[in-house]
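# Give me a 3D structure for the following:
(chains A and B)
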Protein chains: 2
Amino acid sequence: MMRFTADMRSQAKSLALVPTMGALHEGHLSLIRRAKQECNVAVVSIFVNPTQFGPTEDLARYPRSPEKDLALLESLDVEAVFAPCSREIYPPDCTTFVDPGHIATVFEGALRPGHFRGVATVVLKLFNIVSPDMAFFGQKDFQQTVVIRRLVEDLNFPVRIALCPIVREADGLAKSSRNVYLNAEDRKAALVISRSLKRAEEMTQAGEGNTEKLLEEMRKTFDAEPRAQLDYAAIVNPTTLEPVAQVMPGLVALVAARLGTVRLIDNLIFGPPGSTPEQRLQLALATQPIDLEFTALSPLGERVDRNRRFLQPGRAGPTPAEGEPASRRQYRLRPAGG
Amino acid sequence: MMRFTADMRSQAKSLALVPTMGALHEGHLSLIRRAKQECNVAVVSIFVNPTQFGPTEDLARYPRSPEKDLALLESLDVEAVFAPCSREIYPPDCTTFVDPGHIATVFEGALRPGHFRGVATVVLKLFNIVSPDMAFFGQKDFQQTVVIRRLVEDLNFPVRIALCPIVREADGLAKSSRNVYLNAEDRKAALVISRSLKRAEEMTQAGEGNTEKLLEEMRKTFDAEPRAQLDYAAIVNPTTLEPVAQVMPGLVALVAARLGTVRLIDNLIFGPPGSTPEQRLQLALATQPIDLEFTALSPLGERVDRNRRFLQPGRAGPTPAEGEPASRRQYRLRPAGG
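Here you go, the predicted model:
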């Protein structure tokens, strides 16, 4: 894989990574189409990552459809598929993991301890193996996108993260590989999830801004569907995942629910009437200061001398511009190789 | 910094990183000289990393000598110095950290909780900012080299790690930025550290192979120097850091001791009589299966089908060689960009 990346680099091709767990559906395909649009070369990884499943979760029975996946990828003109086995990604003596901190301990992280540690670690490994210029993730797993954007920002990964809107079935159910688990009755009942989000949306369009009232309505929607157990419903800041009192464009409603043993998640980004899913996604990204272009290590407007910045810019080399991020800042003593 | 790296890449220059906390001494300079030998361009980072210091440790008073450091680096023809301030590396909202696992919890990790979490995180960040081909670390901080080699191996970093032997004062004291803390009497007493290692070495050369006997002798050496408090002495496997019963070439004796409030560490790699420090280092690296060239993700001789490797190599593209590591393994569906 690294050789492939080096080949592409030497041809000055931009490289996209679309990490998946296989069992590809229209949601994945939308990511891949976008990746093909934005980069010269698209690599799709297929890896059912064991470290993001809890001991009682559905790792063993997670849907796998390799033949169908390959055919789909071929039809999309994907340049490369990276499909390692578990022991390749996690040799027995592998001990280093990534800890995403607080945002990994709420919502999905609270209900699935260790889940985002596994997600962050495998994504970091895939980034190092594939060295993509851009990586594509679906809005559907909203908390995952937050964890990954923090990972890239906090650990200074030179990768741009792009998010794509949720793809839904005609009746509104968010596409998910796990939907195949649903029996006919639960499949019908599962519509309560998107219906609850739709209700919240309608109420905001009608002028309701109090998130507690919206959540109350969402819970009521669930009460009317006894087959579904609500794990959580929350309206949060899209970067910090902290609950907010008043709804605003760019905030996100998160829902997780169970139908029998099948757990499904969904979310909605609030936006002005008539705004497209893509516009709402941009609103959510704009709601917070994360710069996905990997430029900002710090807001250097507030440059701090108490931090013992002892090398004076310009002392021994070209002066870096004030406010230039650390990734671009350096003190060149002499022309390289000179 | 990233622009600098991109410039160097475009000139097909190999790039070396020597991460330091400044207060440069002959040990650092040996790393830098080696880096200059092995790569076209050497970048030295100077960053007193706050996250690897405990709350009661010597972060504030850690020695800093920026003018002298810069002069030294200039005299060594170093191409670039990267000296960020704390807020650039750790913006206030930074939450993602690297957890190196078990090896970070013993010896220095036990006495300095969180130390290696800080080390691993900052090294990972520096790797992502600088994108070096090789990075250079000193044998002096032996456990640190183990943590970093694991980091690179476990997280698939495309960086080669090179280690350089300990540089000592004429009387045997291992060079360390912290030596400047020692008053005259403690400076003299500190020799007990290297003396204890020398005693162990002499005993092995005389035929003693029982590590408990060697450690007993080392402790006795310390007993004779009341100014020094031994934190630990251990003889361990150089990869797992697990204590061993019988000494062998490539195993490592680790020592940590305090002189007043100054903590110093040192180590010795056992080797055949007359072997050079460099040869011993190679023996230590050879004692374990870590491949520093970043090739092996797994010993694929034992390829496992129970891991649901469902994509048959060669099905849809060129067959990867049996035993080829995951980093090189991929399934190319069609010629890239074709």
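# Need the residue closest to the centroid of chain A.
Taking Cα atoms, centre = their mean as the criterion, A:Thr145 is the residue nearest the geometric centre of chain A, at 2.1 Å.
# Please identify the helix or strand for that residue.
Per DSSP states H and E, A:Thr145 falls inside helix A:142-154.
# list the helices and strands whatever helix or strand comes next after that helix packs on?
Downstream of helix A:142-154, the next assigned helix or strand under DSSP H and E is strand A:160-164. For strand A:160-164, the elements it packs on are helix A:26-38, strand A:134-138, helix A:142-154, helix A:277-286, judged by 3 or more Cβ pairs under 8 Å, 6 or more residues apart in numbering or on different chains; DSSP states H and E. From N, CA and C alone the C-beta is placed, and that goes for glycine too.
# Kindly recompute the last result at 7 Å.
helix A:26-38, strand A:134-138, helix A:142-154 (3 or more Cβ pairs under 7 Å, 6 or more residues apart in numbering or on different chains; DSSP states H and E).
# Now do the helix holding A:Thr145: everything it contacts.
For helix A:142-154, contacts defined as Cβ atoms under 7 Å, 6 or more residues apart in numbering or on different chains pick out A:98, A:100, A:103-104, A:107-108, A:116, A:119-120, A:123-124, A:137, A:139, A:157, A:159, A:161, A:163, A:239, A:241, A:252, A:254, A:267, A:290, A:292, A:294, B:94-96.
# Please narrow those residues to those residing in helices.
Using DSSP state H, the subset of those located in helices is A:Glu108, A:Phe116, A:Val119, A:Ala120, A:Val123, A:Leu124.
# May I see those arranged in JSON lines, with neighbour count as well?
Below are the ones in helices among the contacts of helix A:142-154 laid out as JSON lines (neighbours: other Cβ atoms under 10 Å in any protein chain shown):
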{"residue": "A:Glu108", "neighbour count": "23"}
{"residue": "A:Phe116", "neighbour count": "29"}
{"residue": "A:Val119", "neighbour count": "26"}
{"residue": "A:Ala120", "neighbour count": "27"}
{"residue": "A:Val123", "neighbour count": "27"}
{"residue": "A:Leu124", "neighbour count": "27"}
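# can I get those in TSV with distance to chain B?
Listed next are the ones in helices among the contacts of helix A:142-154 as TSV, based on distance: Cβ to the nearest Cβ, whole Å:
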residue	distance to chain B
A:Glu108	16
A:Phe116	10
A:Val119	12
A:Ala120	7
A:Val123	11
A:Leu124	6
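# Which members of the residues you listed are the farthest-apart pair?
A:Glu108 and A:Leu124 (18.5 Å; Cβ to Cβ).
# Just put the helices and strands packed on strand A:160-164 in JSON lines and tack on mean pLDDT and distance to A:Glu67.
What follows is those, written out as JSON lines (pLDDT from 0 to 100; distance: least, Cβ to Cβ, whole Å):
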{"stretch": "helix A:26-38", "mean pLDDT": "98", "distance to A:Glu67": "16"}
{"stretch": "strand A:134-138", "mean pLDDT": "98", "distance to A:Glu67": "23"}
{"stretch": "helix A:142-154", "mean pLDDT": "97", "distance to A:Glu67": "27"}
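# so which of those comes closest to A:Arg9?
A:Arg9 lies closest to strand A:134-138 among the helices and strands packed on strand A:160-164, at 14.1 Å (Cβ to Cβ).
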